[in-house]
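> The sequence and its predicted three-dimensional model are supplied below.
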Amino acid sequence: MAKNKAKDKNYHFYLKNKYINKHIRYPFKVIFNVIITTFWIFSLTKTKKKQQKIKFKYFACFCSIVRKENLYIRDLIAYYIKIGFEKFIFGDNNFPNIEKISDVTQDYINNGILDIIEVFGSSMSQGEFFSIIYKKYKTKCAWISFFDIDEYLRMHSEDRKIISVRKYLSNPIFNKCESISINWLMYSDNNLLFYENRSVLERFTTPLYKNRENRLVKSIVRGNLNKRVFAPLHSNHVPDKKLIICNSMGKRIKHYNGFYLKPPLLKNAYLMHYNTKTAEEFIQKIKRGSNQNIVYNVTEKIKGFFNINNFTEEKLKLFEKAFNRTFNQFRNYKNSSKKVYMNIIYVNVIFLCLFI
């Protein structure tokens, strides 16, 4: 009897457990699995949507505001295409009755490689222009370089081989960087006087590694940033200090100082900067003024020219003829520099004689 009761009890428990499994646990398990599956599908879809949002049309874009650079634009575009840039955005700040960028780049425009933004004769600052361009192209370009027409980017691998912009910027060292500051490397005029219809890189081959201007930088900015990239009404074109700004080796710059980054880093990447070119070309640069319609101080500009290039009488005469005035202070400056140099030599000779 006891065994039968035990069997009945176990059977009753079995029926009760079966009922619970069938009517409570199983439906709950099904509902739970449906919820988890739905959540997983939703999360996956959301992730894919996010990935689609940041799927850029171009990897590297080049942006600049331009005035009277038609002699050099095709040379520059060809160079940057060669190293992997896919899109160019130029602000045409010319005076249309003199020249337009489209006069020499219509094939690039037709191919979709070049977009022209007309800002004819505008006094808009570069910072203002770049802010407009960034907002318009930040979802199209993974990286946007904000350079000038006389600046050519060169990038190297660890073994000093020249590499493409995709290989350079895809390096994990830049994963957390929102902007990259690239130092200039100034180039001299190679003691040439006049323009020649050859590539800038062919004509000017002498880098000035010790020039103090090399501490200046320009910037490559990551696309799709949901924050202010350029300060409003800023006269320069350097990114906002609140960005995560790195040097050309991927190290974050803690105390970012706008244009300046010293000592210059020229190992991984630098901008070959052909600021003056020849005396004849530099005269045209002075006469055109700045993109903000600022008239240059001629004397200060010529001083800057001779701070980069060797002084010769022929060069100075070109400046004097172009501006119909004399610049004897540069002749005196040359002579005084020689005197200082000779005085240093004399002092060193005397010092050596005293201790020999």
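The structure has been received and is ready for your questions.

> Low-confidence regions, the stretch 151-300 of the chain specifically.
232-237, 257-261, 290-294 (pLDDT under 70).

> CA atoms only for the helix or strand hosting Met186, dumped as CSV, please.
Taking DSSP states H and E as the criterion, Met186 maps to strand 179-186. Provided in CSV are the C-alpha atoms of strand 179-186 (Å, rounded to 0.1, in the frame of the first residue of the first chain):
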residue,chain,number,x,y,z
SER,A,179,42.9,66.2,-36.6
ILE,A,180,46.5,65.7,-37.7
SER,A,181,49.0,68.6,-37.8
ILE,A,182,51.6,68.3,-40.6
ASN,A,183,54.7,70.4,-40.5
TRP,A,184,56.0,72.4,-43.4
LEU,A,185,59.4,71.7,-45.1
MET,A,186,60.4,74.9,-46.9
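
> Show me what that strand is packed up against.
Helices and strands touching strand 179-186, as assessed by 3 or more Cβ pairs under 8 Å, 6 or more residues apart in numbering; DSSP states H and E, comprise strand 217-222, strand 245-246, strand 269-273. C-beta: built from backbone N, CA, C; applies to glycine.

> That one pairs with which strands, and in what direction?
Within its sheet, strand 179-186 is paired with strand 217-222 (antiparallel), strand 245-246 (parallel), strand 269-273 (parallel), according to DSSP bridges.

> Same list, those, but as a markdown table with distance to Lys210 please.
Converted to a markdown table, these look like this (distance: least, Cβ to Cβ, whole Å):
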| stretch | distance to Lys210 |
| --- | --- |
| strand 217-222 | 17 |
| strand 245-246 | 25 |
| strand 269-273 | 14 |
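
> Number of residues surrounding Arg228?
13 (other Cβ atoms under 10 Å).

> Number the residues from 36 up from this point.
Okay, residue one is now 36; in that scheme the one you just asked about reads as Arg263.

> before we move on, the earlier item: got CSV for the strands paired with strand 214-221, with mean neighbour count and distance to Glu134 too?
Output for the strands paired with strand 214-221, formatted as CSV (neighbours: other Cβ atoms under 10 Å; distance: least, Cβ to Cβ, whole Å):
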stretch, mean neighbour count, distance to Glu134
strand 252-257, 23, 25
strand 280-281, 21, 36
strand 304-308, 22, 23
